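Engineer: Turn this into a structure:
(one chain, ligands or ions: 1)
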Amino acid sequence: MTSAAAPDSAVRLSRRDLLAIDDLTRAEAIALLDRAERFAPLLSASVKKLDTLRGRTLINLFFETSTRTQSSFELAGKRMGADVVNMAVRTSAMAKGETLIDTAATLNAMSPDLLVVRHASSGAAALLARKVSCSVINAGDGQHEHPTQALLDAFTIRREKGRIEGLTIAICGDIAHSRVARSNVRLLTLLGARVRLIGPPTLVPASAARWGVEISHDMRRGLEACDVIMMLRLQLERMQGGLIPSQREFFWFYGLDEDKLRLAKPDALVMHPGPMNRGVEIDSRVADDPRVSLIEKQVRNGVAMRMAVLEALACSRTTGETEP
Ligand code: CP
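Structural biologist: Presented below is the predicted three-dimensional model:
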């Protein structure tokens, strides 16, 4: 089967893969946000399907758990008309000891067009990309990056605030273990936001001093004049040793509740990539308040954003294809 023709309006990317935000130029990132804007209304349409990726194959390869990202890529692929395969890693040959490289070679032999990978090790997606001939999308590698989460966050901010440039955006909590924080810092600064990291010294890496951001260890002061507050999950599973005295104390100093939210701008909006630890980094009265919380919109916007990314990577590789 041949693929459907790539639409003229599809974004063309210079890189084959999306492994980190640095794979995108500023112009490419903005073009992807613009393209996602075109796909967003489709999610409310009665028929939600396009045929742009008809004949293309997308494999989801998730070595770590996921609710939002995996289902979002699956829906995005299906809505673009692709054949989508979700590899069940726990029941695959990897459970029998097959290596990541051998798994990559096996999947590559089936000629997929797009491989979406999540792995607990930083750099796993890049390693895999060197072994396959299709486009690889990093859906989260260890503490390194989660570029499509940052794109959907930027897309959500731009939709709600009308711009990103000039906004003050706080990223709060467990920065040290967060791939979402790393990708968001790269993208939001690339797009002209002023980014402020807020967290205890044990959860803000020393390298953050070189990221071109402001750093505050006092949440109450750090939230002053913020337009957007992005809360992060406390990643207890990645922590070695006692980096916080207790979850209760962490919430007292760094959890976002209604009192702390009042210290930001009156029209400040709240984000969280999920999954949330309610009562640890965020109070339910903030997370569930539709006047301030963008959390459900982030999930919804993720599908449109990933449609734009899939289309761009698939269509950037389109060459003169012929019938078999
Ligand atoms: N935001 C995010 O990556 O969520 P999942 O772990 O559910 O995919």
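Engineer: From residue 129, how far off is residue 12?
Structural biologist: When distance is defined by CB to CB, to the nearest Å, residue 12 is 19 Å away from residue 129. Every C-beta, even on glycine, is put in place using the N, C-alpha and C of the backbone.
Engineer: Looking at these two now, which is surrounded by more residues?
Structural biologist: Shown here are residue 12 and residue 129; by other CB atoms under 10 Å, residue 129 has more neighbours (22 against 13).
Engineer: so who does that one touch?
Structural biologist: 16, 17, 19, 136 (CB atoms under 8 Å, 6 or more residues apart in numbering).
Engineer: Which of the helices or strands spans the closest residue to residue 151 other than its chain neighbours?
Structural biologist: Nearest residue to residue 151, sequence neighbours excluded (CB to CB, 6 or more residues apart in numbering): residue 305, at 5.1 Å. Using DSSP states H and E, residue 305 falls within helix 295-316.
Engineer: counting contacts, what elements does that helix pack onto?
Structural biologist: helix 26-39, helix 68-79, strand 114-119, strand 135-141, helix 147-161, strand 269-271 (3 or more CB pairs under 8 Å, 6 or more residues apart in numbering; DSSP states H and E).
Engineer: any bit of that helix sitting next to the ligand?
Structural biologist: No - shown here: helix 295-316 not in contact with the ligand (CB under 6 Å from any ligand atom), separated by at least 8.1 Å.
Engineer: Quick one: mean pLDDT for that helix?
Structural biologist: Summarised as a single mean, pLDDT over helix 295-316 is 97.
Engineer: tell me the secondary structure for residue 245?
Structural biologist: Put simply, residue 245 is coil when judged by DSSP: H, G, I helix; E, B strand; the rest coil.
Engineer: Could you check the pLDDT of it?
Structural biologist: We have a pLDDT of 79 for residue 245.
Engineer: Pull the number of nearby residues for it.
Structural biologist: Around residue 245 sit 12 other residues, with neighbours defined as other CB under 10 Å.
Engineer: gap between it and residue 104?
Structural biologist: Going from residue 245 to residue 104 by CB to CB gives 42 Å.
Engineer: who's in contact with the residue in the stretch 101-250 of the chain that the ligand sits nearest to?
Structural biologist: Proximity of the stretch 101-250 of the chain to the ligand (CB to the nearest ligand atom) peaks at residue 149, 5.3 Å away. By CB under 8 Å, 6+ apart, the contact list for residue 149 reads 69, 140, 179, 180, 183, 184, 273, 302.
Engineer: For the fourth one, give me the backbone phi and psi.
Structural biologist: Note on residue 180: backbone dihedrals following degrees, to the nearest 10 are phi -60, psi -40.
Engineer: center of this protein - which residue?
Structural biologist: Central residue of the chain (CA atoms, centre = their mean): residue 149, 1.2 Å from the mean position.
Engineer: Next, the buried residues of stretch 211-228.
Structural biologist: Neighbour counts over stretch 211-228 (16 or more other CB atoms under 10 Å) mark 211, 213, 215, 216, 217, 219, 222, 223, 226, 227, 228 as buried.
Engineer: wait, stretch 52-70
Structural biologist: Applying a neighbour-count criterion of 16+ other CB under 10 Å, one finds 52-54, 56-64, 66, 68-70 buried in stretch 52-70.
Engineer: Pull the most distant pair out of those.
Structural biologist: Greatest spacing in those, by CB to CB: 54 and 64 (30.0 Å).
Engineer: residue contacts, the residue in the stretch 201-324 of the chain that the ligand sits nearest to?
Structural biologist: Nearest residue of the stretch 201-324 of the chain to the ligand, counting by CB to the nearest ligand atom: residue 273, 3.8 Å away. Residues near residue 273 by CB under 8 Å, 6+ apart: 68, 146, 149, 153, 180, 230, 232, 233, 298.
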